[in-house]
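**Student:** coords please:
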Amino acid sequence: MKLPQVEIIISLYNYAEYISECILSVIKQDYPHILIHVVDDGSSDDSVRIVQDYCRQYANIRLTTKANGGQLSAFNAGFIHLDGRSEIVFFLDADDYMREGYIKKAVETFLESQCDMLFCDLFIMQDGKISDGDNEVLPYGDLGFSIFDTYFNGSYYGHSTSTIAITKQMLSRILPLSLENEWRIRADDCIIYGAALVGAKIFHLDFKGIYYRVHSNNNHCGKTFSSKYEFHRALSVQKLFSTLLERHKISLHYSLFCAEIDSKPSDLLYRYKKMIRATDFKYFQKWRAYKILRKKLKRI
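**Tutor:** Sure, this is the predicted structure:
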């Protein structure tokens, strides 16, 4: 069986001290068809020169440079310049790095499960120590489809940027996004929420594939945010939701809701009872949805 080409988008901004370890962790992967694509978001340190040195050494490393615009703008640039042969896209922050064997295991999972997006678990690196991260409470394996669970509950079917892998076909339903000013940081939310909203089949991989670095320059981990910031972030999330649903003419229809219930693992079915009440379905449709939910629970 022909193995797909994967492309790793490394978003880089002033991480000269980390970028070599990041790139080398991908080079060392035991998978034959890898393209490394570094997108520099206007770094003012030595980052670009370091990457250029690697580009001269390795034929499968590419560099895109752009003016500083934030994380979503870097994702957009990486997507626009994807290689035409790439079929699966991995995202990787320049201050993180991959565990050996991760890409091979992830590709095997894509092929076996026929999922559209997967996310793995991670290790935390802080103050020279490596520990298990606070990994997701979501069950492992096939998580099904999650348009309604994401829309009504804000459920987050993913982890940090570096744990995300997604098919190019599904990514093309999300990117490019015109909300760059809204998502200068935490733009992994656009991919994670976006994948669920546009109908991705999502898989949680039981494997710690990423070493996630905690340091003073992290834009999210370990930070506290004001109520004003959190309000405007919630507003940005809602704009993201409406943008993607309108772009793809996705209607939150009763039949789609029932199909989503049927796709879910048992550990997540509890979310749907209250959700039925939150919908604007007609009374008889809500009654039928309850009936479908009870029937599936009895089969488990």
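**Student:** stretch 177-186 spans what distance, first to last residue?
**Tutor:** Across its full length, stretch 177-186 reaches 14 Å end to end, with C-alpha to C-alpha, to the nearest Å as the criterion.
**Student:** could you measure from the closest residue to D188 other than its chain neighbours over to I34?
**Tutor:** Counting by C-beta to C-beta, 6 or more residues apart in numbering, the nearest residue to D188 once its immediate chain neighbours are dropped is T161, at 3.9 Å. (C-beta placed from N, C-alpha, C; glycine too.) Per C-beta to C-beta, to the nearest Å, T161 is found 18 Å from I34.
**Student:** if you count surrounding residues, which of these two has more?
**Tutor:** It is T161, of T161 and I34, that has more neighbours when counted by other C-beta atoms under 10 Å, with 24 against 19.
**Student:** the residue nearest to D188 touches D93, doesn't it?
**Tutor:** Yes: shown here, T161 and D93 form a contact pair, counting by C-beta atoms under 8 Å, at 5.1 Å.
**Student:** contacts only, for the nearest residue to G158 once chain neighbours are set aside.
**Tutor:** Using C-beta to C-beta, 6+ apart and skipping residues adjacent in sequence, the residue nearest G158 is I192, 3.4 Å away. With contact taken as C-beta atoms under 8 Å, 6 or more residues apart in numbering, I192 is in contact with 119, 156-158, 164.
**Student:** please apply the same query to I130.
**Tutor:** The neighbours of I130, taking C-beta under 8 Å, 6+ apart as the test, are 123-124, 211.
**Student:** quick check on it: phi, psi?
**Tutor:** Main-chain torsions, I130, degrees, to the nearest 10: phi -110, psi 130.
**Student:** just list whatever residues bridge to it.
**Tutor:** Applying DSSP bridges to I130 yields these beta-bridge partners: M125.
**Student:** give the residues shared as contacts by T161 and D93.
**Tutor:** Where contact means C-beta under 8 Å, 6+ apart, the residues bridging T161 and D93 through contact with each are S11.
**Student:** picking that back up, may I ask which of the contacts of I192 has the most neighbours?
**Tutor:** If you rank the contacts of I192 by neighbour count (other C-beta under 10 Å), F119 sits at the top with 30 neighbours.
**Student:** among the contacts of I192, which lie within strands?
**Tutor:** Residues of the contacts of I192 located in strands (DSSP state E): 119, 164.
**Student:** average pLDDT for stretch 226-238?
**Tutor:** Averaged over stretch 226-238, pLDDT sits at 94.
**Student:** residues of that stretch that come out buried?
**Tutor:** Along stretch 226-238, these residues count as buried under the neighbour rule (16 or more other C-beta atoms under 10 Å): 233, 236-237.
**Student:** before we move on, what about stretch 65-83?
**Tutor:** When neighbours are counted by 16+ other C-beta under 10 Å, the buried residues of stretch 65-83 are found to be 65, 69-79, 82.
**Student:** now that stretch: mean pLDDT?
**Tutor:** Mean predicted lDDT for stretch 65-83 stands at 98.
**Student:** now the end-to-end length of it.
**Tutor:** Stretch 65-83 stretches 16 Å from its first residue to its last (C-alpha to C-alpha).
**Student:** and V48, that one's in a helix?
**Tutor:** Yes: residue assignment for V48, taken from DSSP: H, G, I helix; E, B strand; the rest coil, places it within a helix.
**Student:** touching, it and L63? I think so.
**Tutor:** Yes: taking contacts as C-beta under 8 Å, V48 lies within contact range of L63: 7.2 Å.
**Student:** of the contacts of I130, closest to L12?
**Tutor:** Sorting the contacts of I130 by how near they are to L12, with C-beta to C-beta, puts Y211 at the top with 16.7 Å.
**Student:** is the closest one bridged to anything, and to what?
**Tutor:** Per DSSP bridges, the residues bridged to Y211 are Y97, F123.
**Student:** name the nearest residue to I164, sequence neighbours excluded.
**Tutor:** Of all residues not flanking I164 in the chain, F91 sits nearest, at 4.6 Å (C-beta to C-beta, 6+ apart).
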